[in-house]
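*Asks:* Sequence and computational prediction follow.
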Amino acid sequence: MSSLRADLEAAARIGADERGGVSRFAWTSELAQANAWLMERLAELGLATELDPAGNVLGRWESGEGKAVLLGSHLDTVPNGGRFDGALGVLAALDVVRRLQADGVEPHRPVWVVSFNDEEGARFQTGMLGSRAFCGECDLDDWGGRGVPEAMAEAGQDFVRLTEARGVDEVGAYLELHIEQGPVLERSGVDLGVVTAITGILGFRVRFLGEANHAGTTPMEHRRDALAGAARAVLALRDAARERDDMTANVGVISAEPGGFNVVPGAAELTIDVRSPSPERYAGLEPFVRETLTAIAAEEGLGLELAETHRKPPVALDPDLQDALEKAARDEGATTLRMPSGAGHDAMVLAHHVPAAMLFVPSRGGLSHTPDEFTPLGQCELGARTLARAVRALVESP
Ligand SMILES: [Zn+2]
(Lines give C-alpha, C1' and ligand atoms only; values in the text may rest on other atoms or scores of the structure.)
Protein backbone atom coordinates (compact mmCIF):
# COMPACT_ATOMS: atom_id res chain seq x y z
CA MET A 1 0.00 0.00 0.00
CA SER A 2 1.29 3.46 -0.79
CA SER A 3 2.25 5.67 2.12
CA LEU A 4 -0.21 8.36 1.07
CA ARG A 5 -3.03 5.84 0.92
CA ALA A 6 -2.15 4.43 4.33
CA ASP A 7 -1.99 7.95 5.76
CA LEU A 8 -5.36 8.91 4.23
CA GLU A 9 -6.95 5.81 5.70
CA ALA A 10 -5.35 6.29 9.11
CA ALA A 11 -6.37 9.96 9.30
CA ALA A 12 -9.95 9.17 8.24
CA ARG A 13 -10.34 6.85 11.23
CA ILE A 14 -9.60 9.66 13.68
CA GLY A 15 -12.83 11.47 14.43
CA ALA A 16 -14.82 9.09 12.21
CA ASP A 17 -18.46 9.76 13.08
CA GLU A 18 -21.49 7.50 13.15
CA ARG A 19 -22.80 8.91 9.86
CA GLY A 20 -19.84 7.70 7.80
CA GLY A 21 -18.06 11.05 7.79
CA VAL A 22 -15.32 12.73 9.77
CA SER A 23 -15.88 15.28 12.53
CA ARG A 24 -12.77 16.94 13.92
CA PHE A 25 -13.11 20.43 15.33
CA ALA A 26 -10.65 22.89 16.81
CA TRP A 27 -9.49 22.10 20.35
CA THR A 28 -11.42 18.83 20.63
CA SER A 29 -10.01 15.45 21.57
CA GLU A 30 -10.58 14.23 17.99
CA LEU A 31 -8.42 16.95 16.47
CA ALA A 32 -5.85 16.56 19.27
CA GLN A 33 -5.61 12.88 18.40
CA ALA A 34 -5.15 13.68 14.70
CA ASN A 35 -2.51 16.28 15.58
CA ALA A 36 -0.63 13.80 17.77
CA TRP A 37 -0.78 11.22 15.00
CA LEU A 38 0.60 13.76 12.50
CA MET A 39 3.39 14.82 14.84
CA GLU A 40 4.47 11.19 15.18
CA ARG A 41 4.64 10.85 11.38
CA LEU A 42 6.61 14.10 11.11
CA ALA A 43 9.01 13.02 13.85
CA GLU A 44 9.57 9.70 12.06
CA LEU A 45 10.93 11.72 9.14
CA GLY A 46 13.28 13.57 11.47
CA LEU A 47 11.34 16.83 11.51
CA ALA A 48 11.22 19.00 14.63
CA THR A 49 7.57 19.14 15.64
CA GLU A 50 5.59 21.75 17.49
CA LEU A 51 2.00 22.45 18.43
CA ASP A 52 2.12 26.23 18.26
CA PRO A 53 0.15 28.56 20.59
CA ALA A 54 -2.73 28.68 18.07
CA GLY A 55 -3.00 24.91 17.83
CA ASN A 56 -1.25 24.66 14.45
CA VAL A 57 0.96 21.61 13.99
CA LEU A 58 4.33 22.43 12.49
CA GLY A 59 7.04 20.07 11.34
CA ARG A 60 10.33 21.70 10.49
CA TRP A 61 12.89 20.12 8.21
CA GLU A 62 15.68 22.54 8.97
CA SER A 63 18.06 22.39 6.07
CA GLY A 64 20.17 24.97 4.27
CA GLU A 65 19.39 28.59 4.99
CA GLY A 66 16.89 31.28 4.21
CA LYS A 67 13.15 31.29 4.49
CA ALA A 68 11.17 28.08 4.57
CA VAL A 69 8.98 26.58 1.90
CA LEU A 70 5.79 25.85 3.85
CA LEU A 71 3.50 23.03 2.72
CA GLY A 72 0.19 22.02 4.20
CA SER A 73 -3.50 22.56 4.75
CA HIS A 74 -5.78 21.66 7.66
CA LEU A 75 -6.93 18.60 9.61
CA ASP A 76 -10.08 20.09 11.10
CA THR A 77 -13.34 19.39 9.29
CA VAL A 78 -16.92 20.57 8.99
CA PRO A 79 -19.49 18.48 10.91
CA ASN A 80 -19.88 15.11 9.18
CA GLY A 81 -17.28 16.16 6.62
CA GLY A 82 -15.28 14.17 4.10
CA ARG A 83 -11.89 12.49 4.31
CA PHE A 84 -10.07 14.65 1.78
CA ASP A 85 -10.87 18.31 2.49
CA GLY A 86 -7.75 19.62 4.20
CA ALA A 87 -6.39 16.23 5.19
CA LEU A 88 -5.16 15.52 1.66
CA GLY A 89 -3.07 18.69 1.66
CA VAL A 90 -1.47 17.90 5.00
CA LEU A 91 -0.77 14.28 4.11
CA ALA A 92 0.54 15.25 0.68
CA ALA A 93 2.94 17.65 2.40
CA LEU A 94 4.13 14.75 4.56
CA ASP A 95 4.45 12.67 1.40
CA VAL A 96 6.53 15.38 -0.29
CA VAL A 97 9.07 15.32 2.55
CA ARG A 98 9.14 11.53 2.38
CA ARG A 99 9.73 11.60 -1.39
CA LEU A 100 12.46 14.25 -1.22
CA GLN A 101 14.25 12.34 1.52
CA ALA A 102 13.95 9.06 -0.39
CA ASP A 103 15.49 10.80 -3.41
CA GLY A 104 18.35 12.06 -1.25
CA VAL A 105 17.47 15.72 -1.76
CA GLU A 106 19.30 18.08 0.57
CA PRO A 107 17.25 21.28 0.48
CA HIS A 108 19.02 24.62 0.22
CA ARG A 109 16.30 26.08 2.41
CA PRO A 110 14.05 24.72 5.16
CA VAL A 111 10.94 22.76 4.24
CA TRP A 112 8.12 22.95 6.74
CA VAL A 113 4.87 21.04 6.99
CA VAL A 114 1.85 22.65 8.60
CA SER A 115 -1.63 21.62 9.62
CA PHE A 116 -3.47 24.85 10.33
CA ASN A 117 -5.95 24.78 13.17
CA ASP A 118 -9.62 25.71 12.77
CA GLU A 119 -9.65 26.36 9.03
CA GLU A 120 -13.32 25.46 8.81
CA GLY A 121 -14.29 27.40 11.91
CA ALA A 122 -17.04 24.83 12.51
CA ARG A 123 -17.09 25.14 16.26
CA PHE A 124 -17.04 28.90 16.82
CA GLN A 125 -17.92 30.28 13.35
CA THR A 126 -14.39 31.63 13.23
CA GLY A 127 -12.61 30.26 10.17
CA MET A 128 -8.91 30.22 9.34
CA LEU A 129 -8.12 31.12 12.91
CA GLY A 130 -4.88 29.11 12.88
CA SER A 131 -3.48 30.56 9.67
CA ARG A 132 -4.57 34.06 10.68
CA ALA A 133 -2.75 33.74 13.99
CA PHE A 134 0.27 32.30 12.17
CA CYS A 135 0.22 35.42 9.98
CA GLY A 136 -0.15 37.78 12.93
CA GLU A 137 -3.78 38.61 12.14
CA CYS A 138 -5.29 37.82 15.53
CA ASP A 139 -8.76 39.21 16.11
CA LEU A 140 -8.79 38.71 19.86
CA ASP A 141 -11.91 40.81 20.48
CA ASP A 142 -14.01 38.81 18.06
CA TRP A 143 -12.57 35.38 18.95
CA GLY A 144 -12.75 36.16 22.64
CA GLY A 145 -16.51 36.53 22.48
CA ARG A 146 -17.09 33.25 20.69
CA GLY A 147 -15.98 30.78 23.33
CA VAL A 148 -12.46 30.32 21.95
CA PRO A 149 -10.69 31.19 25.25
CA GLU A 150 -12.71 28.59 27.18
CA ALA A 151 -12.13 25.87 24.57
CA MET A 152 -8.42 26.65 24.48
CA ALA A 153 -8.16 26.50 28.25
CA GLU A 154 -9.86 23.10 28.26
CA ALA A 155 -7.35 21.90 25.68
CA GLY A 156 -4.44 23.24 27.74
CA GLN A 157 -3.75 26.28 25.57
CA ASP A 158 -3.79 29.91 26.57
CA PHE A 159 -5.88 32.43 24.63
CA VAL A 160 -3.65 35.37 25.52
CA ARG A 161 -0.70 33.59 23.92
CA LEU A 162 -2.39 33.39 20.49
CA THR A 163 -0.35 36.32 19.24
CA GLU A 164 2.82 34.28 19.83
CA ALA A 165 1.79 31.92 17.03
CA ARG A 166 3.11 34.36 14.43
CA GLY A 167 5.57 32.38 12.31
CA VAL A 168 5.04 33.73 8.82
CA ASP A 169 8.16 35.90 8.94
CA GLU A 170 10.33 32.81 8.57
CA VAL A 171 8.36 31.59 5.54
CA GLY A 172 9.32 32.38 1.95
CA ALA A 173 6.59 30.52 0.08
CA TYR A 174 3.39 28.57 0.81
CA LEU A 175 2.04 25.72 -1.29
CA GLU A 176 -1.24 23.93 -0.63
CA LEU A 177 -2.69 20.90 -2.36
CA HIS A 178 -6.45 20.66 -1.97
CA ILE A 179 -9.45 18.94 -3.48
CA GLU A 180 -11.32 21.20 -5.88
CA GLN A 181 -14.65 20.86 -4.02
CA GLY A 182 -16.40 21.60 -7.31
CA PRO A 183 -17.07 19.86 -10.64
CA VAL A 184 -14.87 21.82 -13.08
CA LEU A 185 -11.83 19.50 -13.31
CA GLU A 186 -13.89 16.33 -13.51
CA ARG A 187 -16.21 17.75 -16.17
CA SER A 188 -13.34 19.04 -18.28
CA GLY A 189 -11.34 15.82 -17.89
CA VAL A 190 -8.27 17.72 -16.70
CA ASP A 191 -5.89 16.17 -14.12
CA LEU A 192 -4.94 19.17 -12.01
CA GLY A 193 -6.05 22.73 -11.35
CA VAL A 194 -3.53 25.51 -10.86
CA VAL A 195 -5.36 28.10 -8.81
CA THR A 196 -5.14 31.67 -10.07
CA ALA A 197 -7.08 33.45 -7.35
CA ILE A 198 -9.33 32.77 -4.41
CA THR A 199 -12.73 34.22 -4.88
CA GLY A 200 -13.87 37.34 -3.08
CA ILE A 201 -17.04 37.09 -1.00
CA LEU A 202 -19.58 39.76 -0.21
CA GLY A 203 -22.54 39.05 2.06
CA PHE A 204 -25.72 40.97 2.86
CA ARG A 205 -28.78 40.67 5.03
CA VAL A 206 -31.75 42.22 3.25
CA ARG A 207 -35.19 43.17 4.46
CA PHE A 208 -38.02 44.16 2.14
CA LEU A 209 -40.83 46.02 3.92
CA GLY A 210 -44.34 45.90 2.49
CA GLU A 211 -47.76 45.81 4.06
CA ALA A 212 -49.41 42.77 5.62
CA ASN A 213 -53.01 42.51 4.50
CA HIS A 214 -55.86 40.15 3.73
CA ALA A 215 -54.94 37.69 0.97
CA GLY A 216 -58.49 37.58 -0.37
CA THR A 217 -59.83 41.12 -0.15
CA THR A 218 -56.75 43.17 -1.13
CA PRO A 219 -56.80 43.79 -4.91
CA MET A 220 -53.67 42.46 -6.61
CA GLU A 221 -52.60 45.86 -7.91
CA HIS A 222 -52.78 47.37 -4.44
CA ARG A 223 -50.59 44.89 -2.65
CA ARG A 224 -47.18 45.68 -1.27
CA ASP A 225 -45.99 42.09 -1.14
CA ALA A 226 -42.55 41.94 0.48
CA LEU A 227 -41.99 38.30 -0.44
CA ALA A 228 -42.69 39.03 -4.11
CA GLY A 229 -39.89 41.61 -3.94
CA ALA A 230 -37.59 39.08 -2.31
CA ALA A 231 -38.45 36.49 -4.95
CA ARG A 232 -37.64 38.95 -7.72
CA ALA A 233 -34.32 39.67 -6.00
CA VAL A 234 -33.44 35.96 -5.94
CA LEU A 235 -34.06 35.64 -9.67
CA ALA A 236 -32.45 38.94 -10.65
CA LEU A 237 -29.22 38.00 -8.86
CA ARG A 238 -29.24 34.48 -10.29
CA ASP A 239 -29.84 35.72 -13.83
CA ALA A 240 -27.09 38.32 -13.58
CA ALA A 241 -24.62 35.70 -12.36
CA ARG A 242 -25.65 33.28 -15.12
CA GLU A 243 -24.78 35.89 -17.74
CA ARG A 244 -21.19 36.15 -16.51
CA ASP A 245 -18.49 33.57 -15.98
CA ASP A 246 -16.74 35.44 -13.18
CA MET A 247 -19.46 35.77 -10.58
CA THR A 248 -21.78 33.65 -8.47
CA ALA A 249 -24.85 34.70 -6.48
CA ASN A 250 -26.75 32.79 -3.85
CA VAL A 251 -29.72 33.41 -1.59
CA GLY A 252 -29.51 30.73 1.06
CA VAL A 253 -31.98 31.95 3.65
CA ILE A 254 -35.37 33.55 3.12
CA SER A 255 -38.33 34.18 5.40
CA ALA A 256 -41.65 36.01 5.27
CA GLU A 257 -43.60 37.75 8.03
CA PRO A 258 -46.10 37.35 9.53
CA GLY A 259 -46.09 33.99 7.75
CA GLY A 260 -49.76 33.17 7.27
CA PHE A 261 -50.98 31.34 4.18
CA ASN A 262 -53.80 33.86 3.81
CA VAL A 263 -51.79 36.97 4.65
CA VAL A 264 -49.92 39.15 2.15
CA PRO A 265 -46.33 39.11 3.42
CA GLY A 266 -45.58 42.40 5.16
CA ALA A 267 -41.86 41.81 5.46
CA ALA A 268 -39.36 39.45 3.90
CA GLU A 269 -35.78 38.82 4.87
CA LEU A 270 -33.07 37.14 2.88
CA THR A 271 -29.33 36.61 2.86
CA ILE A 272 -27.19 37.27 -0.20
CA ASP A 273 -23.79 35.73 -0.93
CA VAL A 274 -22.14 37.09 -4.08
CA ARG A 275 -18.62 36.14 -5.14
CA SER A 276 -16.06 36.91 -7.79
CA PRO A 277 -12.37 36.04 -8.19
CA SER A 278 -11.88 39.12 -10.41
CA PRO A 279 -10.95 42.32 -8.55
CA GLU A 280 -12.80 44.44 -11.14
CA ARG A 281 -15.99 42.41 -10.93
CA TYR A 282 -15.71 42.23 -7.15
CA ALA A 283 -15.48 46.02 -6.92
CA GLY A 284 -18.74 46.27 -8.86
CA LEU A 285 -20.67 43.73 -6.78
CA GLU A 286 -21.74 46.03 -3.99
CA PRO A 287 -23.19 48.78 -6.23
CA PHE A 288 -24.75 46.10 -8.43
CA VAL A 289 -26.58 44.45 -5.52
CA ARG A 290 -27.62 47.81 -4.12
CA GLU A 291 -28.97 49.13 -7.44
CA THR A 292 -30.74 45.89 -8.29
CA LEU A 293 -32.55 45.70 -4.96
CA THR A 294 -33.36 49.40 -4.89
CA ALA A 295 -34.98 49.16 -8.33
CA ILE A 296 -37.03 46.11 -7.32
CA ALA A 297 -38.15 47.79 -4.09
CA ALA A 298 -39.23 50.90 -6.00
CA GLU A 299 -41.18 48.90 -8.57
CA GLU A 300 -42.91 46.83 -5.89
CA GLY A 301 -43.62 49.80 -3.61
CA LEU A 302 -41.50 48.33 -0.82
CA GLY A 303 -39.12 49.69 1.75
CA LEU A 304 -35.59 48.26 1.72
CA GLU A 305 -33.00 47.66 4.42
CA LEU A 306 -29.63 46.39 3.24
CA ALA A 307 -26.83 45.51 5.67
CA GLU A 308 -23.43 44.16 4.69
CA THR A 309 -22.54 41.08 6.75
CA HIS A 310 -19.20 40.08 5.32
CA ARG A 311 -16.59 41.30 2.90
CA LYS A 312 -13.51 39.33 1.85
CA PRO A 313 -11.94 40.66 -1.34
CA PRO A 314 -10.47 38.20 -3.85
CA VAL A 315 -6.85 37.19 -3.40
CA ALA A 316 -4.55 36.60 -6.38
CA LEU A 317 -2.07 33.76 -5.98
CA ASP A 318 1.58 34.11 -6.94
CA PRO A 319 2.18 33.98 -10.73
CA ASP A 320 5.70 32.50 -10.44
CA LEU A 321 4.52 29.73 -8.15
CA GLN A 322 1.59 29.06 -10.51
CA ASP A 323 4.13 28.63 -13.32
CA ALA A 324 6.24 26.35 -11.11
CA LEU A 325 3.24 24.13 -10.36
CA GLU A 326 2.24 24.04 -14.01
CA LYS A 327 5.73 23.06 -15.09
CA ALA A 328 5.90 20.35 -12.44
CA ALA A 329 2.53 19.02 -13.62
CA ARG A 330 3.69 18.97 -17.23
CA ASP A 331 6.83 17.09 -16.22
CA GLU A 332 4.58 14.55 -14.51
CA GLY A 333 2.63 14.19 -17.75
CA ALA A 334 -0.46 15.76 -16.20
CA THR A 335 -2.89 18.13 -17.89
CA THR A 336 -3.68 21.37 -16.05
CA LEU A 337 -6.28 24.09 -16.00
CA ARG A 338 -5.78 27.55 -14.54
CA MET A 339 -8.86 28.20 -12.44
CA PRO A 340 -10.08 30.32 -9.54
CA SER A 341 -11.09 28.78 -6.23
CA GLY A 342 -14.71 29.37 -5.28
CA ALA A 343 -14.01 28.32 -1.69
CA GLY A 344 -11.85 30.00 0.92
CA HIS A 345 -8.57 28.38 2.03
CA ASP A 346 -5.67 29.06 4.37
CA ALA A 347 -3.71 30.07 1.25
CA MET A 348 -5.82 33.23 0.99
CA VAL A 349 -4.55 34.31 4.41
CA LEU A 350 -0.93 33.39 3.66
CA ALA A 351 -1.06 35.09 0.24
CA HIS A 352 -1.27 38.50 1.93
CA HIS A 353 2.15 37.88 3.48
CA VAL A 354 4.18 35.52 1.26
CA PRO A 355 4.01 34.17 -2.29
CA ALA A 356 1.36 31.44 -2.12
CA ALA A 357 -0.08 28.94 -4.57
CA MET A 358 -2.58 26.11 -4.67
CA LEU A 359 -2.95 22.94 -6.67
CA PHE A 360 -6.36 21.25 -7.06
CA VAL A 361 -7.16 17.60 -7.67
CA PRO A 362 -10.63 16.68 -8.97
CA SER A 363 -13.58 16.04 -6.65
CA ARG A 364 -15.82 13.19 -7.80
CA GLY A 365 -19.22 14.62 -8.65
CA GLY A 366 -17.99 18.00 -7.41
CA LEU A 367 -18.94 16.91 -3.88
CA SER A 368 -17.36 18.22 -0.69
CA HIS A 369 -18.30 18.83 2.94
CA THR A 370 -20.07 15.45 2.88
CA PRO A 371 -18.98 11.87 3.59
CA ASP A 372 -19.39 11.26 -0.18
CA GLU A 373 -16.43 13.52 -0.89
CA PHE A 374 -13.97 11.43 -2.93
CA THR A 375 -10.86 11.70 -5.06
CA PRO A 376 -9.34 8.49 -6.49
CA LEU A 377 -5.97 7.57 -5.02
CA GLY A 378 -4.25 7.88 -8.40
CA GLN A 379 -5.31 11.52 -8.64
CA CYS A 380 -4.24 12.22 -5.04
CA GLU A 381 -0.85 10.71 -5.78
CA LEU A 382 -0.47 12.65 -9.02
CA GLY A 383 -1.14 15.81 -7.02
CA ALA A 384 1.40 14.84 -4.37
CA ARG A 385 4.05 13.93 -6.98
CA THR A 386 3.48 17.24 -8.76
CA LEU A 387 3.79 19.13 -5.50
CA ALA A 388 6.99 17.23 -4.67
CA ARG A 389 8.45 18.08 -8.06
CA ALA A 390 7.60 21.77 -7.66
CA VAL A 391 9.05 21.87 -4.14
CA ARG A 392 12.19 20.10 -5.28
CA ALA A 393 12.73 22.77 -7.94
CA LEU A 394 12.27 25.47 -5.27
CA VAL A 395 14.67 23.97 -2.74
CA GLU A 396 17.34 22.69 -5.15
CA SER A 397 17.84 26.04 -6.85
CA PRO A 398 19.98 28.20 -4.55
ZN1 LIG B 1 -10.28 22.76 3.13
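*Replies:* Great, that's in hand.
*Asks:* which intervals of the stretch 101-250 of the chain have sub-threshold pLDDT?
*Replies:* For the stretch 101-250 of the chain, no stretch has pLDDT under 70.
*Asks:* Which pLDDT value does the model give residue 1?
*Replies:* At residue 1, the pLDDT value in this model is 67.
*Asks:* tell me the contacts of the residue of the stretch 201-350 of the chain found nearest the ion?
*Replies:* When distances are taken as Cβ to the ion, the stretch 201-350 of the chain reaches nearest to the ion at residue 345, 5.9 Å away. Just so you know, the C-beta spots here come from the backbone N, C-alpha and C atoms, and that holds for glycine as well. Contact partners of residue 345, counting by Cβ atoms under 8 Å, 6 or more residues apart in numbering, are 73, 119, 176, 178, 198, 358.
*Asks:* What count of nearby residues applies to the closest residue to residue 257 other than its chain neighbours?
*Replies:* Leaving out its chain neighbours, the residue that sits closest to residue 257 by Cβ to Cβ, 6 or more residues apart in numbering is residue 267, at 4.3 Å. Using other Cβ atoms under 10 Å, residue 267 has 21 other residues around it.
*Asks:* Show me what residue 267 is bridged to.
*Replies:* In this entry, residue 267 is beta-bridged to residue 209, residue 257, by DSSP bridges.
*Asks:* helix, strand or coil for residue 337?
*Replies:* strand (DSSP: H, G, I helix; E, B strand; the rest coil).
*Asks:* tell me the contacts of it?
*Replies:* 184, 185, 188, 190, 192, 193, 194.
*Asks:* For the buried ones among those residues, write the corresponding PyMOL selection.
*Replies:* Selection command for PyMOL covering only the buried members of the contacts of residue 337, criterion 16 or more other Cβ atoms under 10 Å:
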select buried, resi 184+185+190+192+193+194
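*Asks:* And the residue of the stretch 201-350 of the chain closest to the ion, how close does it get to residue 213?
*Replies:* Distance from residue 345 to residue 213, counting by Cβ to Cβ, to the nearest Å: 48 Å.
*Asks:* Contacts only, for the nearest residue to residue 301 once chain neighbours are set aside.
*Replies:* Counting by Cβ to Cβ, 6+ apart, residue 301 lies nearest to residue 224, which is 4.7 Å off, once chain neighbours are set aside. For residue 224, the contacting residues are 210, 211, 264, 300, 301, 302, by Cβ under 8 Å, 6+ apart.
*Asks:* Mark which of these are buried, thanks.
*Replies:* The neighbour-count test (16+ other Cβ under 10 Å) applied to the contacts of residue 224 identifies 210, 211, 264, 300, 302 as buried.
*Asks:* Kindly reformat the contacts of residue 345 as a markdown table containing distance to the ion.
*Replies:* Putting these into a markdown table (distance: Cβ to the ion, whole Å) gives the following:
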| residue | distance to the ion |
| --- | --- |
| 73 | 6 |
| 119 | 6 |
| 176 | 9 |
| 178 | 6 |
| 198 | 12 |
| 358 | 10 |
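*Asks:* So which residues on the protein come close to the ion?
*Replies:* 85, 86 (Cβ under 5 Å from the ion).
*Asks:* Spell out the residue ranges of the helices in the chain.
*Replies:* 3-13, 29-44, 87-102, 129-134, 140-144, 148-154, 184-188, 226-242, 279-300, 319-331, 346-350, 377-396 (DSSP state H).
*Asks:* follow-up on the earlier one: mind putting the buried ones among the contacts of residue 224 in CSV, distance to residue 47 included?
*Replies:* Shown next, in CSV, are the buried ones among the contacts of residue 224 (distance: Cβ to Cβ, whole Å):
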residue, distance to residue 47
210, 62
211, 66
264, 65
300, 62
302, 60
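*Asks:* Which parts of the stretch 101-250 of the chain are strands?
*Replies:* Listed in chain order, the strands of the stretch 101-250 of the chain (DSSP state E, counting those that start in this stretch) span 111-116, 171-179, 192-198, 200-209, 213-214, 248-250.
*Asks:* returning to what we had before: possible to save the helices of the chain as CSV with distance to residue 166?
*Replies:* Formatted as CSV, these follow (distance: least, Cβ to Cβ, whole Å):
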stretch, distance to residue 166
helix 3-13, 27
helix 29-44, 19
helix 87-102, 20
helix 129-134, 7
helix 140-144, 13
helix 148-154, 17
helix 184-188, 35
helix 226-242, 38
helix 279-300, 27
helix 319-331, 22
helix 346-350, 12
helix 377-396, 23
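*Asks:* can you tell which of these is closest to residue 56?
*Replies:* Distance to residue 56, taken as Cβ to Cβ, is lowest for helix 129-134 among these, at 4.5 Å.
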